[in-house]
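Participant: The sequence isn't on hand, but the structure is:
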């Protein structure tokens, strides 16, 4: 085993022993992913500022970008509102194969967005 596998193995043993640790693990993952997205946002802003400066084309770029982000947020929000109740129903009443199929479908749809 390499070092990464050892660290991940210890992490999963630490997290999944007790319910409180499961909650802590989930919160840690959410915090880490939030940090990654914030760093991505900062990088995007710095790249846009370096590329466009304060010219008028920056305004055009930002308006086009905001329209695209708005459409993505509307579609993703409605998708989540429809997907979560369906997944909970499938998880409670259907076998594991059905759960896997619906998760695969969700992954494909989200990556296409």
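Facilitator: Structure's in. What do you need? Computed from a predicted model, the values in this text were never measured in an experiment.
Participant: Okay, domains of the chain per the record?
Facilitator: Split into domains by automatic domain parsing, the chain comes to 1-53, 54-113.
Participant: ok now the last one, how far from the chain's centre?
Facilitator: Here domain 54-113 shows a centroid-to-chain-centroid distance of 10 Å under the convention Cα atoms, centre = their mean, to the nearest Å.
Participant: burial count for residue 79?
Facilitator: Residues lying near residue 79 (other Cβ atoms under 10 Å) number 14. Backbone N, C-alpha and C define where each C-beta goes, glycine included.
Participant: hey, least reliable of the domains of the chain by pLDDT?
Facilitator: Of all those, mean pLDDT reaches its minimum on domain 54-113 (a mean of 77).
Participant: other SSEs contacting the lengthiest helix in the chain?
Facilitator: Determined from DSSP state H, the single longest helix within the chain is helix 56-93. Judged by 3 or more Cβ pairs under 8 Å, 6 or more residues apart in numbering; DSSP states H and E, the packing partners of helix 56-93 are helix 19-52, helix 96-112.
Participant: if I look at the residue sitting nearest the centre point of the chain, how far off is residue 57?
Facilitator: Nearest to the mean C-alpha position of the chain, by Cα atoms, centre = their mean, lies residue 33 at 7.4 Å. Using Cβ to Cβ, to the nearest Å, we find residue 33 at a distance of 32 Å from residue 57.
Participant: For residue 52, see how far away residue 89 is.
Facilitator: For residue 89 relative to residue 52 (Cβ to Cβ), the value is 47 Å.
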